[in-house]
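Q: predicted model follows, preceded by the sequence.
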Amino acid sequence: MSLLTADRDMEAAGVLVLGSPHLYETIGFHCQQAVEKYLKAVLVASVLPAPFIHSLVVLMGPLQQAGVVQFNSQDLANAATLNEFAVELRYETDDAPDYTSADLLAMAHGFRHKLRPIAQAFLI
């Protein structure tokens, strides 16, 4: 599992936050994709099944149960928010979000900070 694609999703989201923060659907999608890839990388590195699903909350479960990563209630809330961008908010909506594009990127950075070092340690 390559972490490069997850890092590129993070980079794309960061560039969009700086240049086009109104594109929160696209930013959220890149953030969700990055976190999904980091979670799956840690699952693979931990020799746990990495199912072909997009739910961040579901992907977090086996890691928590195996004691590989401890997630708190804020992590679960952030995962639920980012989950919305897997499919649902990829399409334009008139609803104003309760968060900014920078908030979405901060959520993804929190997961990156927690997950990437674990996956990296197994891949070296």
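A: Sure, I can see it. Numbers count the residues shown, from 1 in each chain.

Q: quick one: the helices in this structure?
A: 4-19, 24-45, 56-65, 73-83, 101-123 (DSSP state H).

Q: low-confidence ranges, the chain, go.
A: 1, 88-94, 96, 123-124 (pLDDT under 70).

Q: ok, back up a step: which of the helices of the chain has the highest mean neighbour count?
A: Compared across these, helix 24-45 shows the largest average neighbour count, a mean of 24 (mean count of other C-beta atoms under 10 Å). In short, each C-beta sits where N, CA and C put it, glycine included.

Q: just so I know, which of the helices of the chain lies nearest residue 95?
A: With distances scored as C-beta to C-beta, the stretch of the helices of the chain nearest to residue 95 is helix 24-45 (10.9 Å).

Q: and that closest one with helix 4-19, angle?
A: Using axes from the mean of the first three to the mean of the last three C-alpha atoms, to 10 degrees, the inter-axis angle of helix 24-45 relative to helix 4-19 is 160 degrees.
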